[in-house]
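**Student:** Task: produce atomic coordinates for the following.
(2 chains)
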Number of protein chains: 2
Amino acid sequence: MGDDRPIGVFDSGFGGLTVARALIDLLPSEQLVYVGDTARYPYGPRSAEEVRAFAREIVARLVDVDDVKMVVVACNTAASVALDELRATTGVPVVGVIEPGLRAAARATRNGRVGVIGTTGTVASGAYANAARRLRVVAEVTCAACPGFVEFVERGETSSDQVHVLAERLLSPLRREGVDTLLLGCTHYPFLARTIADVMGRDVVLVSSADETAFDTRLILESTGLGAAPRPAPEHRFLSSGDVGWFVEMGRRLLGPELERAEAVHFRAAPPPAAESR
Amino acid sequence: MGDDRPIGVFDSGFGGLTVARALIDLLPSEQLVYVGDTARYPYGPRSAEEVRAFAREIVARLVDVDDVKMVVVACNTAASVALDELRATTGVPVVGVIEPGLRAAARATRNGRVGVIGTTGTVASGAYANAARRLRVVAEVTCAACPGFVEFVERGETSSDQVHVLAERLLSPLRREGVDTLLLGCTHYPFLARTIADVMGRDVVLVSSADETAFDTRLILESTGLGAAPRPAPEHRFLSSGDVGWFVEMGRRLLGPELERAEAVHFRAAPPPAAESR
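**Tutor:** Sure, this is the predicted structure:
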């Protein structure tokens, strides 16, 4: 018994590797196939229609070629614009990275005030505000963009004075709002959890999108009978549409030693997006 | 788009109607087919093998005759002994009533101390303790049996001095433990929420198994693309294996006015269980 097919995970780049990390830790018998669409990264500045087309293409590849039993959309941008369509058109369950964290944060708050931090693009897209409405979250949700956080994480600089000063400045509106729960709405942010916790204070609960997405994935696998039978840790596969060496080097910082090598995958070419401020 | 087939919900009797209530409120476009196996009620004192056979029989009926797209095991006893088998053998997703609440309670606690209250049978079965281990819940989970609560609810007596005195006595071990989150691990208990909150104190968060099961059901429907398209509230169906008139009369107290009539359903006869103390 058990379904040994892999779980497909995709992101525009590396951030989704923190979701992959959480999945590996929570579901050690499951095999992952991760697609990082680094050739067309970042998705943030692209149009919704373009992102939906990319997402369709990646999911078709995961389902048709890699025979995945489930798809995790580990990209905030894609989850916010493509999830409904993917769920309606894909023959396997699909989870996104926005709703699990929001649901958990709404559950965790005591005073009904939840903060969400994300990239400028994610916050501007209204993805969390829309999801809060759709899920009928009763808590008051305040979003704050944190431009610069991703760059600090990608440089490996997660606890310097500079990042602390930046966090003080970006998080002060949420402190003024008195949020007692803070959702880390970008897959890079768990690396800054200590700095963020120092700034917000020990009474504020931090909720990780990556962890909550892994919990929801487990629930879906179990309820649909799609979980793998217990087995030794399978070898995961990592596919990158851009420079494979760069992907491995950057990716190991976010995922860890399981990322030893990556394979090339090719998608339709797309023009580079306009300059983005994250 | 959308799958308009009903959701199957079953319980040994009436308690699962609070789960049905939560489903109706959260998912107003979904139609329910509820089976209350009142002819063989209660399941608590029966052997695990017998309960598994009953659950198999009811789920086969729901899938083969009623064409349900998903099954909610709204019975603590059946969820604790039959869920794995049902998930592995049923072609539609299956959720139980134990894990959703436990997961939410573990997420909601601040001090890591979670209380669970249930019937004597549920607590003695170790269902919540087992689920906590299986889900790798890190919180300390303390269970307390609350014999008598179900009888008060079924008499419609939810805020009398007597029920308050009983609650004081039964909940005092959990107060001594300093739990900051209390899971109502029996589908009848939300009717006693005010009394329980008075006794536990306003700082203790109450988590309802029924509500959390409805949230997980929504997640599974959405992620699998099985949700119904938006539509006016469909008429739900209620099936009882015992006295239909009694089912409607008792059931309306727990579900509300949507329960206007019930149909008879027949399962294999089974000897009455040994006397139970709930």
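
**Student:** Any residues of chain A in contact with chain B? List them.
**Tutor:** When proximity is defined by C-beta under 8 Å from any C-beta of the partner chain, chain A lies next to chain B at A:1, A:87-88, A:90, A:93-95, A:99, A:103-104, A:107-108, A:110, A:205, A:215-216, A:219-220, A:222-225. Quick note: C-beta positions are derived from backbone N, CA and C, even for glycine.

**Student:** What subset of these is buried?
**Tutor:** A:87, A:90, A:93-95, A:99, A:103-104, A:107-108, A:205, A:215-216, A:219-220, A:222-225 (16 or more other C-beta atoms under 10 Å in any protein chain shown).

**Student:** tell me the contacts of residue A:141?
**Tutor:** Taking C-beta atoms under 8 Å, 6 or more residues apart in numbering or on different chains as the criterion, residue A:141 is in contact with A:102, A:106, A:114, A:115, A:116, A:128, A:129, A:132.

**Student:** can you check residue A:29 too?
**Tutor:** For residue A:29, the residues meeting the contact criterion (C-beta under 8 Å, 6+ apart) are A:227, A:228, A:229, A:230, A:231, A:233, A:234.

**Student:** ok, 10 Å please
**Tutor:** Taking C-beta atoms under 10 Å, 6 or more residues apart in numbering or on different chains as the contact definition, residue A:29 lies against A:2, A:4, A:227, A:228, A:229, A:230, A:231, A:232, A:233, A:234.

**Student:** any idea which element residue A:8 lies in?
**Tutor:** Taking DSSP states H and E as the criterion, residue A:8 maps to strand A:7-11.

**Student:** Oh, that last question was meant for residue A:221, not what I typed.
**Tutor:** Here residue A:221 is covered by helix A:209-223, with elements defined by DSSP H and E.

**Student:** Dump the helix or strand following that helix to CSV, restricted to CA.
**Tutor:** Past helix A:209-223, further along toward the C-terminus, the next helix or strand under DSSP H and E is strand A:237-240. Once non-C-alpha atoms are left out, strand A:237-240 reads as follows in CSV (Å, rounded to 0.1, in the frame of the first residue of the first chain):
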residue,chain,number,x,y,z
ARG,A,237,15.5,15.5,-7.9
PHE,A,238,16.2,19.2,-8.6
LEU,A,239,15.5,20.7,-12.0
SER,A,240,16.6,24.2,-13.0
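
**Student:** Report the mean confidence score over strand A:237-240.
**Tutor:** Averaging the model's pLDDT scores along strand A:237-240 yields 97.

**Student:** what's the helix or strand for the residue lying closest to residue A:225 once chain neighbours are set aside?
**Tutor:** Once its chain neighbours are removed from consideration, residue A:225 has its nearest residue in residue B:87; the separation is 4.6 Å (C-beta to C-beta, 6 or more residues apart in numbering or on different chains). Mapping residue B:87 onto the secondary structure by DSSP H and E places it in helix B:76-89.

**Student:** how close does the residue positioned nearest the centre of chain A sit to residue A:106?
**Tutor:** The centroid of chain A falls nearest to residue A:74 when counting by C-alpha atoms, centre = their mean (3.8 Å). According to C-beta to C-beta, to the nearest Å, residue A:74 and residue A:106 sit 21 Å apart.

**Student:** do the same with residue A:121
**Tutor:** Taking C-beta to C-beta as the measure, residue A:121 and residue A:106 are separated by 23 Å.

**Student:** quick revisit: of the contacts of residue A:141, which is the nearest to chain B?
**Tutor:** For chain B, the closest of these turns out to be residue A:106, at 9.9 Å, with distances computed as C-beta to the nearest C-beta.

**Student:** What sits closest to residue A:66 if chain neighbours are left out?
**Tutor:** Going by C-beta to C-beta, 6+ apart, residue A:66 has residue A:33 as its nearest residue, at 4.6 Å.

**Student:** Show me what that neighbour is bridged to.
**Tutor:** On the basis of DSSP bridges, residue A:33 takes part in beta bridges with residue A:8, residue A:237.

**Student:** Please state the backbone phi and psi of residue A:130?
**Tutor:** phi -60, psi -40 (degrees, to the nearest 10).

**Student:** And for the one 4 residues further on?
**Tutor:** Residue A:134 adopts backbone torsions of phi -60, psi -40, taken as degrees, to the nearest 10.

**Student:** Counting neighbours, what do you get for it?
**Tutor:** Other residues near residue A:134 come to 13 when the count uses other C-beta atoms under 10 Å in any protein chain shown.

**Student:** still on that earlier bit, following the strand holding residue A:8 in sequence, what is the next regular element?
**Tutor:** helix A:17-26.

**Student:** List the buried residues for that following helix?
**Tutor:** Going by neighbour count (16+ other C-beta under 10 Å), the buried part of helix A:17-26 is A:17, A:18, A:19, A:20, A:21, A:22, A:23, A:24, A:26.

**Student:** For residue A:114, give me its contacts.
**Tutor:** By C-beta under 10 Å, 6+ apart, residue A:114 lies in contact with A:102, A:104-108, A:128, A:132, A:137, A:139-143, A:174, A:177, A:179-183, A:205, A:207.

**Student:** Could you do residue A:175 as well?
**Tutor:** The neighbours of residue A:175, taking C-beta under 10 Å, 6+ apart as the test, are A:115, A:168, A:182, A:199, A:200, A:201, A:204.

**Student:** looking at it, the last one is touching residue A:184, isn't it?
**Tutor:** No: counting by C-beta atoms under 10 Å, residue A:204 stays clear of residue A:184, with 11.6 Å between them.

**Student:** shared neighbours of those two, anything?
**Tutor:** A:115, A:196.

**Student:** Which one's more surrounded, those two?
**Tutor:** Taking other C-beta under 10 Å, residue A:204 and residue A:184 do not tie; residue A:184 has more neighbours (28 against 19).

**Student:** Look up how far residue A:197 lies from that one.
**Tutor:** Distance of residue A:184 to residue A:197, given as C-beta to C-beta: 10 Å.

**Student:** any shared contact partners between those two?
**Tutor:** By the contact definition C-beta under 10 Å, 6+ apart, residue A:184 and residue A:197 are jointly contacted by residue A:206.

**Student:** so what secondary structure elements neighbour the lowest-mean-pLDDT helix or strand in chain A?
**Tutor:** Lowest on mean pLDDT, DSSP states H and E among the helices and strands of chain A sits helix A:120-125, with a mean of 83. With contacts defined as 3 or more C-beta pairs under 10 Å, 6 or more residues apart in numbering or on different chains; DSSP states H and E, the secondary structure elements packing on helix A:120-125 are helix A:76-89, strand A:113-118, helix A:127-134, strand A:140-145.

**Student:** Out of the ones you listed, which one sits most buried?
**Tutor:** Of all the helices and strands packed on helix A:120-125, strand A:113-118 carries the top mean neighbour count, a mean of 26, counting by mean count of other C-beta atoms under 10 Å in any protein chain shown.

**Student:** List the neighbouring strands of that one plus their orientation.
**Tutor:** The sheet places strand A:113-118 alongside strand A:140-145 (parallel), strand A:181-184 (parallel), with pairing taken from DSSP bridges.

**Student:** Secondary structure of residue A:61: a helix, I assume?
**Tutor:** Yes: going by DSSP: H, G, I helix; E, B strand; the rest coil, the assignment for residue A:61 places it inside a helix.

**Student:** thought it was touching residue A:263?
**Tutor:** No: Residue A:61 lies out of contact with residue A:263 (C-beta under 10 Å); the separation is 11.9 Å.

**Student:** And these two? Which one has more around it.
**Tutor:** For residue A:61 and residue A:263, the more surrounded residue by other C-beta under 10 Å is residue A:61, and the numbers stand at 19 against 12.

**Student:** mind listing what the more buried one touches?
**Tutor:** Counting by C-beta under 10 Å, 6+ apart, residue A:61 makes contact with A:8, A:10, A:33, A:35, A:68, A:239, A:265, A:266, A:267.

**Student:** So what does residue A:73 have for phi and psi?
**Tutor:** phi -90, psi 90.

**Student:** can you count the residues close to it?
**Tutor:** Residue A:73: 28 surrounding residues under other C-beta under 10 Å.
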